[in-house]
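Student: Structure for the following, please:
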Amino acid sequence: MEESCLDTPRRLSDLSLDSIVDKFLELAPESVSLHVPAAEILITAFSEAGKFQDNVISSSIFPPTGLRYLKVPCAANLTVKGLETLRNHPDLIVIRMQGLVEATVKDLLASLHPKTHQKPEVLFPGNQSIDIFAQSAFSYPTGKGIVEPLPFDRLKSLVYLNVSGTEFKKFSLELVASDIPTLKYLDISSTKVSDISPLKAYGDKLQNTLIELKGLVHLDISEERDEHPFDIFPNLSGLHIERLLEDPEALPNIVSLDISGKDEVTMNKLLSFISRRPKLKFLGLLLTQFGRPHSYNCIEGKDKENSGMVIAGSENEDQILESLRRYAKPTPETTTSRTDIIELVLQAARKYQRTFSIQMAATALFIQSLEIVRVDLDAMEAFPQHKQLQKNVLLTICCDRILTEVNFDKYRCARLAMDCLCEWDDTSMNRMSVAICSILAAKITTTQTSELGSQPNYMKKLLSIVSNRMEERTIDITLKFTLSALWNLTDESPETSKMFLIHDGMPLFVDLLETFPGEASIETKILGLLNNIAEVHHLRSYLMK
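Tutor: Predicted coordinates for the structure are as follows:
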């Protein structure tokens, strides 16, 4: 188990990679070409930062040939054009391409050099793998109304295949079983497969039912029971887990068993199964009845008998942390802010930037951290039409310490807050949006202030809030923040000042002064804005009208 992030700072190598990724393409000379191991590490770092795209993979800074390990945890911005560069790397033996959006698995396979599949040195076990997560296209239309399967028969040396969370179906499984005889590891969790009978083609290596799989060491039949509207993965049902557990001959060599979400399992049968499986080292019990104290105490006793069996569940802190580590789509079970827990969630948020359910959960977390702000802004930009997610981000970022002390892209944040203000007619969201804009407008450059304030829709929205409060004769925190935002946006910005005047801000502010005479909090902000206009020589005439 990794040490707590509270006790262990980030490694210098990781911090260095972050800096390199931020500036590398901008500063690296064209004549430089990295050696292969460094290039492979940097490719992964670019991907983890969400910056891996066609111009990166085709850049001259990466070796034109010779890559062996291609690990891309976020390939959302990679297109067919970028994938075509893989044809120059015949020595590839490990390909982990996760989150393809702009291209398909067919495109990926078609882009590989023929020798990647055929050369003898990649045929021996454990040498070549492909990991494709969150990609749906496992067959493709030909243009003639016919759907053709993917060419799995090209992957003659493949021993590891991960298609979890995809539209992978029984038909595709049949192709895999018949076309890839070297396959030893297959992950089909959260797919459309409900019948694993095609796997009997593997003979002694994989039998026709789970009970007959004597050599099976890892089994995950967990089930997502939460019918939340944002869940994207289908549930797997129909597996009679009790029949499997009560068979004394089943799974004699099992090392890892995950039955999370399977509430139909009884305590006696589970304990009996555990007692007869001395090799069992991991047990997944999240969202089951075994979180109750009595049940947990019984299982904990078996835990000791099995020499420290690890349990993923929700009964205590160790189980919750193990659950966060084990599951690709974690659901936080704690409310206490802990940076070690937050870091685990951040990894998932960075990895699955286009998966709404994960981004929705991640934005609901609160911590004063640059990484959290960055992830939240990414989610806010990716899902502008989802009100609750937008509200989650505003709740996270609308904090004086974050807005004033954390070093992040403040212009981007202010722009997204203004977009949110214009999109949603929600009292609390409006209050947070104008508060964020008010504070950040004083912390961005003059050029950025002008770009923000000169947007007609932003100016009209801010002035409409002032007008509504004036009509209601209400002085509240939203009005004060709105006036502060206008004051800061017009500071040293002729463009914003002109936009204010074009949209009849001057007569509105005169009426506001008459509506709230003697209100110092209102008068100070209005006079400050008028002073900003007076500093612009060609706009002074507006003050005399």
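Student: tell me the SS of the closest residue to residue 422 other than its chain neighbours?
Tutor: Nearest non-adjacent residue to residue 422, counting by Cβ to Cβ, 6 or more residues apart in numbering: residue 461, 5.0 Å away. C-beta coordinates here come from the backbone N, C-alpha and C atoms, glycine included. Put simply, residue 461 is helix when judged by DSSP: H, G, I helix; E, B strand; the rest coil.
Student: give the contact list for residue 461.
Tutor: Residue 461 is in contact with 418, 421-422, counting by Cβ atoms under 8 Å, 6 or more residues apart in numbering.
Student: any idea how far it lies from residue 442?
Tutor: 19 Å (Cβ to Cβ, to the nearest Å).
Student: and residue 76, what does it touch?
Tutor: 50, 99-102, 353-354.
Student: ok, back up a step: give me the subset of the contacts of residue 461 that lies in helices.
Tutor: 418, 421-422 (DSSP state H).
Student: okay if I get the contacts of residue 76 as a markdown table plus secondary structure?
Tutor: What follows is the contacts of residue 76, written out as a markdown table (three-state DSSP):
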| residue | secondary structure |
| --- | --- |
| 50 | coil |
| 99 | coil |
| 100 | coil |
| 101 | coil |
| 102 | coil |
| 353 | coil |
| 354 | coil |
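Student: Neighbour count, distance to residue 325 and pLDDT added to these, as JSON lines?
Tutor: As requested, the contacts of residue 76 are arranged in JSON lines below (neighbours: other Cβ atoms under 10 Å; distance: Cβ to Cβ, whole Å; pLDDT from 0 to 100):
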{"residue": "50", "neighbour count": "18", "distance to residue 325": "22", "pLDDT": "79"}
{"residue": "99", "neighbour count": "22", "distance to residue 325": "20", "pLDDT": "73"}
{"residue": "100", "neighbour count": "25", "distance to residue 325": "25", "pLDDT": "74"}
{"residue": "101", "neighbour count": "16", "distance to residue 325": "26", "pLDDT": "75"}
{"residue": "102", "neighbour count": "16", "distance to residue 325": "30", "pLDDT": "80"}
{"residue": "353", "neighbour count": "20", "distance to residue 325": "20", "pLDDT": "80"}
{"residue": "354", "neighbour count": "15", "distance to residue 325": "22", "pLDDT": "80"}
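Student: my read: residue 86 touches residue 70, true?
Tutor: Yes - with contact defined as Cβ atoms under 8 Å, residue 86 and residue 70 form a contacting pair (7.3 Å).
Student: secondary structure class for residue 257?
Tutor: Applying three-state DSSP: residue 257 is strand.
Student: how close does it sit to residue 327?
Tutor: For residue 257, the distance to residue 327 - Cβ to Cβ - is 15 Å.
Student: likewise residue 466?
Tutor: The separation that residue 466 has from residue 327, given Cβ to Cβ, amounts to 48 Å.
Student: go on, residue 44?
Tutor: 22 Å.
Student: Not counting its neighbours along the chain, what's nearest residue 453?
Tutor: Per Cβ to Cβ, 6+ apart, closest to residue 453 is residue 496, 2.9 Å.
Student: Toward the C-terminus, what is the element adjacent to the helix or strand containing residue 13?
Tutor: Using DSSP states H and E, residue 13 sits in helix 12-27. Per DSSP H and E, the first helix or strand lying C-terminal to helix 12-27 is helix 36-48.
Student: Could you single out the nearest of the contacts of residue 461 to residue 315?
Tutor: residue 421 (43.3 Å; Cβ to Cβ).
Student: Just give the nearest non-adjacent residue to the closest one, would you?
Tutor: Excluding the flanking residues, the one nearest residue 421 by Cβ to Cβ, 6+ apart is residue 433, at 3.8 Å.
Student: now for the strand or helix carrying the one you found, which elements pack on it?
Tutor: Take DSSP H and E as the rule and residue 433 turns out to sit in helix 427-440. Secondary-structure packing of helix 427-440 (3 or more Cβ pairs under 8 Å, 6 or more residues apart in numbering; DSSP states H and E): helix 387-397, helix 400-405, helix 410-423, helix 456-472, helix 477-490.
Student: Just list the residues touching the nearest residue to residue 161 once chain neighbours are set aside, thanks.
Tutor: Excluding the flanking residues, the one nearest residue 161 by Cβ to Cβ, 6+ apart is residue 186, at 5.3 Å. If you count contacts by Cβ under 8 Å, 6+ apart, residue 186 has them with 160-162, 176, 199.
Student: where does residue 186 land in three-state SS?
Tutor: Criterion first, three-state DSSP; result for residue 186: strand.
Student: Let the chain start at 312 from now.
Tutor: Got it, first residue is 312 now, which makes that one residue 497.
Student: I'd like to know which helix or strand in this structure has the lowest mean pLDDT.
Tutor: Of the helices and strands making up the chain, the lowest-confidence element is strand 450-452, at a mean of 36, by mean pLDDT, DSSP states H and E.
Student: correct me, but the residue nearest to residue 764 touches residue 765?
Tutor: Yes - when contacts are counted by Cβ under 8 Å, residue 807 is listed as touching residue 765 (5.7 Å).
Student: Which of the two has more residues huddled nearby?
Tutor: Shown here are residue 807 and residue 765; by other Cβ atoms under 10 Å, residue 807 has more neighbours (28 against 18).
Student: re the thing from before, what separation is there between the residue nearest to residue 764 and residue 398?
Tutor: From residue 807 to residue 398 the distance is 51 Å (Cβ to Cβ).
Student: Show me the contact partners of the helix holding residue 744.
Tutor: 698, 701-702, 705-706, 708-709, 711, 714-715, 721-722, 724-725, 728-729, 731-732, 735, 763, 773, 776, 788-789, 792-793, 795-796, 799-800.
Student: now with 6 Å?
Tutor: Residues from elsewhere that reach helix 738-751 (Cβ atoms under 6 Å, 6 or more residues apart in numbering): 702, 705, 709, 714, 721, 725, 728-729, 731-732, 789, 792-793, 795-796.
Student: Would you point out the most distant pair within those residues?
Tutor: So, the contacts of helix 738-751 by Cβ to Cβ: farthest apart are 702 and 795, at 21.8 Å.
Student: which one of those two has more residues nearby?
Tutor: Neighbours were counted for residue 702 and for residue 795 using other Cβ under 10 Å; residue 795 has more, 22 against 18.
Student: ok so residue 421 is a strand residue?
Tutor: No - counting by three-state DSSP, residue 421 falls outside a strand, being helix.
Student: neighbours of it, just the number please.
Tutor: Residue 421: 17 neighbours (other Cβ under 10 Å).
Student: do residue 789 as well
Tutor: Counted with other Cβ under 10 Å, residue 789 comes out at 21.
Student: Could I get the contacting residues of it?
Tutor: residue 742.
Student: can you pull the pLDDT of it?
Tutor: For residue 789, the pLDDT comes out at 92.
Student: Please report how far it lies from residue 769.
Tutor: Taken as Cβ to Cβ, the span from residue 789 to residue 769 is 16 Å.
Student: got the contact list for residue 714?
Tutor: residue 750.
Student: Now with 8 Å, please.
Tutor: 708, 721, 747, 750-751, 754.
Student: domains of this protein?
Tutor: Using automatic domain parsing, the domain parsing of the chain gives 332-518, 520-638, 650-855.
Student: Okay, now the unreliable bits of the stretch 712-856 of the chain?
Tutor: 856 (pLDDT under 70).
Student: Recalculate using a threshold of 90.
Tutor: Within the stretch 712-856 of the chain, the stretches with pLDDT under 90 are 712-719, 736, 753, 785, 828-832, 846-856.
Student: about what we covered before: for residue 326, find the nearest of the domains of the chain.
Tutor: domain 332-518 (11.0 Å).
Student: picking that back up, CSV please, covering the domains of the chain and showing distance to residue 324.
Tutor: Below are the domains of the chain laid out as CSV (distance: least, Cβ to Cβ, whole Å):
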stretch, distance to residue 324
domain 332-518, 9
domain 520-638, 22
domain 650-855, 16
